[in-house]
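[1] just to be clear, the model below is a prediction. Sequence and coordinates:
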Amino acid sequence: VLFPAAFGRGVFKSSDGGATWALKNRGLPGKEPFAWRLTLARNGTLYLVVARRSEDGSYGNDQDGGLYRSADGAESWEKVPLPEGLNGPNGLAADPRDPKRLYLAAWGRRAPSTAVMGGIWLSTDAGKSWRNVLDRDQHVYDVTIDPRDPKVLYACGFESSAWRSSDRGLTWQRIRGYNFKWGHRVFADPADRSKIYVTTYGGSVWHGPATGDPNAAEDIVTPQVAH
């Protein structure tokens, strides 16, 4: 069974290896939802990140971005509650050993009256509750789990940033030396566990040490707003 997410169309499903496709949007917002990222948990649950509207209104949903879940193979979807005001979810990873443990990459909301931290959010109860575990970067675009070791996670973001966690997302260390703008996806190198790949929105691919360059200067991240 195949499940691609189509930006501006929704979720498609094929049960015959791609010979035929059916649109599966029941429960998703809008007629043509901006389906962004699909994640399959070990227990068979599908999670879908739906993109928020862009700041200029040129794309995205009428509503804020959101996270949706399907327990019946994409036949229907239900909304997963997120922290109030969190409207910029970008990526999701599900722990391969514990399907209730979810990691959400998100952008923070800028409006002071409804400001919510971006970064990485952790849920240990399948999305019933969330807590922020990385708040030093307000524009995280992707989070992924090393398939060889679920204790190790990687994240990348808009602010020329890449991050690594070795304790199942509880603490994060900046990967020094990755000075690219708008990291889009991050992957552990399947042939060398000491390396990672990072793709950027501009079309480049970076490959380097998973722990970064210890001789590189500490990079600047998004400053925090004091209230």
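    The structure has been received and is ready for your questions.
[2] got a list of what residue 182 touches?
    Applying C-beta atoms under 8 Å, 6 or more residues apart in numbering, we find residue 182 in contact with 141, 157-158, 200-202. Using the backbone N, CA and C atoms, a C-beta is placed for each residue, glycine as well.
[3] now, of these, which are buried?
    Among the contacts of residue 182, the ones that count as buried by 16 or more other C-beta atoms under 10 Å are 141, 157-158, 200.
[4] could you report the neighbour count for the residue lying closest to residue 2 once chain neighbours are set aside?
    Excluding its sequence neighbours, the residue lying closest to residue 2 (C-beta to C-beta, 6 or more residues apart in numbering) is residue 14, at 4.4 Å. For residue 14, the neighbour count with other C-beta atoms under 10 Å is 14.
[5] quickly find the element holding residue 89.
    In this assignment (DSSP states H and E), residue 89 forms part of strand 88-94.
[6] residue 162 now?
    Going by DSSP H and E, residue 162 is in strand 161-165.
[7] which elements pack onto that strand?
    strand 153-157, strand 173-174, strand 183-188 (3 or more C-beta pairs under 8 Å, 6 or more residues apart in numbering; DSSP states H and E).
[8] just to revisit the earlier point, wait, the residue nearest to residue 2 touches residue 21, no?
    Yes - Residue 14 is within contact range of residue 21, at 5.1 Å (criterion: C-beta atoms under 8 Å).
[9] contacting residues around residue 80?
    With C-beta under 8 Å, 6+ apart, residue 80 has these contacts: 47, 66-69, 127.
[10] and it, its phi and psi?
    phi -90, psi 120 (degrees, to the nearest 10).
[11] quick one on the thing from earlier: which one (most neighbours) among the contacts of residue 80?
    Ranking those using other C-beta under 10 Å puts residue 67 first, with 24 neighbours.
[12] surely that residue is within a strand?
    Yes - using DSSP: H, G, I helix; E, B strand; the rest coil, the assignment for residue 67 is a strand.
[13] now residue 40: how far from residue 46?
    Distance, residue 40 to residue 46, using C-beta to C-beta, to the nearest Å: 6 Å.
[14] compare those two (neighbour count), which wins?
    When residue 40 is set against residue 46 and neighbours are counted by other C-beta under 10 Å, the residue ahead is residue 46, at 22 against 14.
[15] now that one. Nearest residue, chain neighbours left out?
    Spatial nearest neighbour of residue 46, chain neighbours left out: residue 70 (4.4 Å); criterion: C-beta to C-beta, 6+ apart.
[16] just residue 126 next, same as before
    Of all residues not flanking residue 126 in the chain, residue 100 sits nearest, at 4.4 Å (C-beta to C-beta, 6+ apart).
[17] so what's that neighbour up against?
    Counting by C-beta under 8 Å, 6+ apart, residue 100 makes contact with 123-126.
[18] centre-most residue in this protein?
    Nearest residue to the geometric centre of the chain (C-alpha atoms, centre = their mean): residue 91, 1.3 Å.
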